[in-house]
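# This is the structure alone, sequence omitted:
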């Protein structure tokens, strides 16, 4: 462990020197890349230095105990030795977790897509409830939510809605939400008081920039049309809505929620880059033999991950069997506890595989 941590610290210090190199400072892209790498290693290096310092203090205390004959000094040294030896197991566990290779997308912002599934109008209402849940969750963490595209449901909620979430390490948290969400409750539209089961699908995509995904102009077709629904005086009178088709993959994205054609076009490009980036990630994982369905937090869009049961006031995440209250998760602020449990299970699984 010592050798590995000393090499890690040396590499970190070398990285710090590079960040002060005028040639690097004058290259914004290279500087940003190295600065990101430097920041990602900072917490680990702090723990590594703490661990090595504890080892050094243990060695020093043992040597001094061997050399001294003063009983008071021995008592102090033995207390110091015991304190540092007690630190080591927890530091080792923390470092092992931090040494687990992270998801390179964890630092990214996300584009989230919610689609109403089985259940008709109630499914659209549920999709709207999920969107409101994520809005509240994002606000509690100081994140920003921006709607990119939406299609309202006939009785409320959304048939589909795509929105961007920006903030610190958004994808590292939101990635656990991908999959099918199921709700069991009495719909507002139900007059007989019967419980109905409805579903909505959530897809969480890491945002991709132009460096991640290059889209050639000749590979896309851009169509404009009149917006429909709320949006101001320009609705149904100007061609502000935008549809972009990526010809090689036949991927289609649309946006009409922004104020201008230029803004709708940019929203479309953000969604398109994210979808193409996800396709590339899935292709790489397939080539590497990675089983996404077996990994907590990388659920398939067709995988049922969570049930929201209103009559029993219970939400169950099926991946880890974690339970919370319906009102706490869907209507309150308990989503964080569910995601924290998923993240802990994910770390434990990866740590077990690494040992």
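Right, received. Where do you want to start? None of the values given here were measured: they were computed from a predicted structure.

# residue ranges with poor pLDDT in the stretch 101-250 of the chain?
210-211, 228-238 (pLDDT under 70).

# Would you map the strands across it?
Secondary structure of the stretch 101-250 of the chain by DSSP state E, counting those that start in this stretch: the strands cover 110-116, 144-152, 158-166, 179-185, 196-206, 220-225, 241-246.

# Of the ones you listed, give the one that comes closest to residue 68.
Of all these, strand 196-206 sits nearest to residue 68, with 57.7 Å by CB to CB. Any C-beta I mention is one placed from the backbone N, CA and C, and that applies to glycine too.

# The closest one: how far from the chain's middle?
16 Å (CA atoms, centre = their mean, to the nearest Å).

# Equivalent analysis for stretch 106-118, please.
That offset, for stretch 106-118, works out to 10 Å (CA atoms, centre = their mean).

# Adjust the sequence numbering to begin at 727 for everything that follows.
Renumbered: residue one is now 727, and that last one reads stretch 832-844.

# what distance separates the start and the end of it?
31 Å (CA to CA, to the nearest Å).

# Mind splitting the protein into its structural domains?
Listed domain ranges for the chain are 728-825, 836-937+1017-1080, 943-1013 (source: automatic domain parsing).

# what's the most buried one of those?
domain 836-937+1017-1080 (a mean of 18; mean count of other CB atoms under 10 Å).

# ok now that domain, how far from the chain's centre?
The chain centroid and the centroid of domain 836-937+1017-1080 are separated by 12 Å, computed with CA atoms, centre = their mean.

# which residues sit in contact with residue 794?
By CB atoms under 8 Å, 6 or more residues apart in numbering, residue 794 lies in contact with 800, 803.

# That one and residue 800, how far apart?
Counting by CB to CB, to the nearest Å, the separation of residue 794 from residue 800 is 6 Å.

# now residue 828
45 Å.

# related to what we said a few turns ago, quick one: closest of the strands of the stretch 827-976 of the chain to residue 993.
Closest among the strands of the stretch 827-976 of the chain, using CB to CB: strand 870-878, at 4.2 Å.

# and the angle for the closest one with strand 967-972?
On the basis of axes from the mean of the first three to the mean of the last three CA atoms, to 10 degrees, strand 870-878 is oriented at 90 degrees to strand 967-972.

# what packs against strand 870-878?
helix 847-866, strand 884-892, strand 977-981, helix 987-1013 (3 or more CB pairs under 8 Å, 6 or more residues apart in numbering; DSSP states H and E).

# List the strands paired with that strand, with their directions.
strand 884-892 (antiparallel) (DSSP bridges).

# who's in contact with the strand it pairs with?
835-842, 850, 853-854, 857, 860, 864, 869-879, 900, 933, 996-997.

# go on, stretch 775-783?
By CB under 8 Å, 6+ apart, stretch 775-783 touches 727, 728, 731, 732, 735, 806, 810, 813, 814, 817, 818, 821.

# For the helix or strand hosting residue 736, give me every contacting residue.
Residue 736 is part of helix 728-745 when elements are defined by DSSP states H and E. For helix 728-745, contacts defined as CB under 8 Å, 6+ apart pick out 750-751, 757, 760-761, 763-764, 767, 770-771, 774-775, 777-778, 781, 821.

# swap in stretch 831-841?
With CB under 8 Å, 6+ apart, stretch 831-841 has contacts from 762, 766, 853, 856-857, 860, 874, 884-893, 895-898, 900-901, 903, 926-934, 996-997, 1000, 1007.

# Okay, now that stretch: how far is its last residue from its first?
Stretch 831-841: ends 23 Å apart by CA to CA.

# Provide the partner residues of the closest residue to residue 845 other than its chain neighbours in its beta bridges.
Closest residue to residue 845 apart from its sequence neighbours, by CB to CB, 6 or more residues apart in numbering: residue 924 at 2.7 Å. Bridge pairing for residue 924 (DSSP bridges) gives the partners residue 909.

# Off-centre distance for the helix or strand harbouring residue 809?
With elements taken from DSSP H and E, the one containing residue 809 is helix 797-825. Taking CA atoms, centre = their mean, one finds the center of helix 797-825 at 35 Å from the center of the full chain.

# Could you list every helix and strand in contact with that helix?
helix 754-793, helix 1061-1080.

# could you give the mean pLDDT of that helix?
Along helix 797-825, the predicted confidence averages to a pLDDT of 87.

# returning to what we had before: ok, which of the helices and strands packed on strand 870-878 comes nearest residue 912?
helix 847-866 (9.6 Å).

# quick check: angle from the closest one to strand 905-911?
Going by the same axes, to 10 degrees, helix 847-866 makes 110 degrees with strand 905-911.

# TSV please, covering the helices and strands packed on helix 797-825 and showing distance to residue 1052 and mean pLDDT.
Shown next, in TSV, are those (distance: least, CB to CB, whole Å; pLDDT from 0 to 100):
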stretch	distance to residue 1052	mean pLDDT
helix 754-793	36	89
helix 1061-1080	12	85
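
# Those helices into JSON lines, with extra columns for distance to residue 908?
Below are the helices and strands packed on helix 797-825 laid out as JSON lines (distance: least, CB to CB, whole Å):
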{"stretch": "helix 754-793", "distance to residue 908": "36"}
{"stretch": "helix 1061-1080", "distance to residue 908": "15"}
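
# Which among the ones you listed is found nearest to residue 942?
helix 754-793 (20.5 Å).

# That closest one vs helix 797-825, what angle?
150 degrees.

# picking up where we left off before, which one of the strands of the stretch 827-976 of the chain lies nearest to residue 1048?
When the strands of the stretch 827-976 of the chain are compared by CB to CB, strand 905-911 sits nearest residue 1048, at 14.2 Å.
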